[in-house]
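J.: the following block contains a protein sequence and its predicted model.
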Amino acid sequence: MHIAIIGAGVSGLLTALELIEHGCQVSIFDQQQAGQAASWAGGGILSPMYPWRYPQAVNTLAQNGKTLYQQWNQKLQPLTGIDFEIHDTGMLIFDESDFEIGLNYAKKHREPMQHASYLDGNPLQQVNSRINSKLEQAIYFPELSNIRNPRLLQSIMAYLKQHPLVRFFEHRPVVKLHIQQHQIGYVLDESGIKIEADQFVIATGAWSQHWSQQLDLDIPVHPVQGQMVLFKAPAQWLPTMCMNNVMYLIPRQDGHIVCGSSMAHCGFNTLPDSTTKQNIVDACLEMVPELAQFPIVKQWAGLRPSSPTGIPYIGQVPEIDNLWINAGHFRNGLCMGPASAQLLRQLMLKQPTDINPALYSPERLSKPVMV
Ligand SMILES: Cc1cc2nc3c(=O)[nH]c(=O)nc-3n(C[C@H](O)[C@H](O)[C@H](O)COP(=O)(O)OP(=O)(O)OC[C@H]3O[C@@H](n4cnc5c(N)ncnc54)[C@H](O)[C@@H]3O)c2cc1C
């Protein structure tokens, strides 16, 4: 079976990996350089921030993210020479209003990676001596990790590009679906070149609403900009991830510290600005004041593929037999990525599914309302 995947972010790339492992032939198309959009820009925290604020359907996909990435890294690293750098740092959350609900959530759900405890005083300082002494208490999730997402993408792309079952096309925007009798016959790229396949997958992230009109569906996936600031400290300088008021610090293994993030509805604008940078820096220095001694080495913005509940659309597009979607992961596409791709592969190949697909069904995509 030949499958064309539109979009080479983490959703499209992991879908490609899943499909070729099961013997499918895959062609993957991106409108720009692959792996440079939200999946590159994200922080790589392998859990929803404050999981109790999300629907269970999001946490269900996210909870196996780390294990699945570990398995993929073990397979790909010897072949590509690139380590995903899954960094087991744990996470401290300082939002006092979340302490009780967070601890109860951890106790009730007992999800992998979500064990939590309350810390104050000495035990807190022992876990992370860099935090502001004014922050006297926190809840601590010792098993949470982050992944170095740009390396993850590089490794998957290197693997796919040398794989005999894969054809990889960058700078090839797909613009039109040719639909006849509930089937996609082919799709057209920007230059009008026909792309034929047996099955097609939409994995176009924040750009997914583009397909609404052609499919006569309302696909409510919009870009929500998030900005990040990168510091460079010595390796091991910051021992844990830290979070307060939805702002976070993510230490990488080599001492880089990713700080973010903002939220803005400003279309497809990916230009970072100085006011947002200052807000991010202020919020992070409030958690870790000594960070101020280290240089800021980069700032960027990415476009999250927002969806109304944050639950992605995964499955067959209504009324089109050979069109599938894996999009709308909003703030959690990196942690939900591996399980989302696994679910889509199971559905496409008519295999038993590990999780209930109904929660993610594209049947939720309603027809646009006529006015
Ligand atoms: C600042 C920020 C921080 C984040 N932090 C985290 C985090 O810590 N943990 C987490 O789990 N998630 C995080 N996220 C969210 C996560 O990055 C996204 O949910 C995820 O990357 C979405 O992946 P995707 O493949 O669906 O989209 P993308 O990575 O955006 O990929 C979509 C691809 O489709 C291509 N495309 C679009 N239209 C077409 C077309 N017509 N033809 C061909 N190609 C097309 C695009 O060029 C793009 O490469 C963060 C996001 C941001 C912006």
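T.: The structure has been received and is ready for your questions.
J.: how is this structure partitioned into domains?
T.: 2-43+151-221+308-364, 91-143+222-306 (automatic domain parsing).
J.: distance between the shortest one and the chain's centre?
T.: In terms of C-alpha atoms, centre = their mean, to the nearest Å, the centre of domain 91-143+222-306 is found 17 Å from the chain centre.
J.: where does the chain have its least confident helix or strand?
T.: Between all helices and strands in the chain, the lowest mean by mean pLDDT, DSSP states H and E belongs to helix 99-109, at a mean of 93.
J.: so which residues make contact with that one?
T.: Helix 99-109 is contacted by residues 50-52, 59, 93, 114-118, 137, 139, 141 when judged by C-beta atoms under 8 Å, 6 or more residues apart in numbering. (Glycine included, C-beta is placed from N, CA and C.)
J.: ok, which stretches of this structure are helices?
T.: Counting by DSSP state H, the chain has these helices, from start to end: 10-21, 38-41, 56-62, 65-80, 99-109, 121-127, 149-161, 212-215, 274-287, 333-348.
J.: gap between the two ends of stretch 321-335?
T.: With C-alpha to C-alpha, to the nearest Å applied, stretch 321-335 spans 29 Å between its terminal residues.
J.: do it and the ligand meet?
T.: Yes. Stretch 321-335 reaches the ligand (C-beta under 6 Å from any ligand atom) through 327, 329-335.
J.: residues of that stretch that come out buried?
T.: Residues of stretch 321-335 classed as buried by neighbour count (16 or more other C-beta atoms under 10 Å): 322-335.
J.: circling back to that earlier point, which pair of the contacts of helix 99-109 spans the longest distance?
T.: 59 and 137 (24.5 Å; C-beta to C-beta).
J.: more neighbours: which of the two?
T.: Neighbour totals were compared for residue 59 and residue 137, and residue 59 leads with 20 against 13 (other C-beta atoms under 10 Å).
J.: what about the buried residues of stretch 321-335, which are in strands?
T.: Of these, the ones assigned to strands by DSSP state E are 323-327.
J.: next, format those as JSON lines and append distance to residue 8 and pLDDT.
T.: Output for these, formatted as JSON lines (distance: C-beta to C-beta, whole Å; pLDDT from 0 to 100):
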{"residue": "323", "distance to residue 8": "18", "pLDDT": "98"}
{"residue": "324", "distance to residue 8": "16", "pLDDT": "98"}
{"residue": "325", "distance to residue 8": "15", "pLDDT": "98"}
{"residue": "326", "distance to residue 8": "12", "pLDDT": "98"}
{"residue": "327", "distance to residue 8": "13", "pLDDT": "98"}
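J.: pick the one among those closest to residue 163.
T.: Nearest member of these to residue 163, counting by C-beta to C-beta, is residue 326, at 19.4 Å.
J.: do I have it right that that closest one meets residue 15?
T.: Yes. With contacts counted by C-beta atoms under 8 Å, residue 326 reaches residue 15, the gap being 5.6 Å.
J.: overlap in contacts, those two.
T.: What both residue 326 and residue 15 touch, as defined by C-beta under 8 Å, 6+ apart, is the set 201, 203, 341, 344.
J.: which residue does the stretch 251-371 of the chain have closest to the ligand?
T.: Using C-beta to the nearest ligand atom, the closest approach of the stretch 251-371 of the chain to the ligand is made by residue 333 at 2.2 Å.
J.: okay, now residue 205: neighbour count?
T.: Neighbour tally, residue 205, other C-beta under 10 Å: 26.
J.: apart from its chain neighbours, what residue comes closest to it?
T.: The shortest distance from residue 205 to any non-neighbouring residue, by C-beta to C-beta, 6 or more residues apart in numbering, is to residue 305 (4.2 Å).
J.: dump the residue contacts of the one you found.
T.: Here residue 305 is in contact with 38, 205-206, 208, 221-223, 327-330, 333 (C-beta under 8 Å, 6+ apart).
J.: quick check: beta-bridge partners of it?
T.: Beta-bridge partners recorded for residue 305 (DSSP bridges): residue 223.
J.: again, but for residue 117
T.: residue 140.
J.: and it, what does it touch?
T.: 103, 139-140, 142.
J.: 10 Å - rerun?
T.: 103, 106, 123, 127, 138-142 (C-beta atoms under 10 Å, 6 or more residues apart in numbering).
J.: same check on residue 265?
T.: Contacts of residue 265 by C-beta under 10 Å, 6+ apart are 222-225, 306.
J.: measure the nearest residue to residue 295 once chain neighbours are set aside to residue 252 for me?
T.: Spatial nearest neighbour of residue 295, excluding adjacent residues (C-beta to C-beta, 6+ apart): residue 232 at 5.8 Å. Look at residue 232 and residue 252: by C-beta to C-beta, to the nearest Å, they are 10 Å apart.
J.: try residue 127
T.: The gap separating residue 127 from residue 252 is 19 Å, by C-beta to C-beta.
J.: please apply the same query to residue 228.
T.: From residue 228 to residue 252 the distance is 12 Å (C-beta to C-beta).
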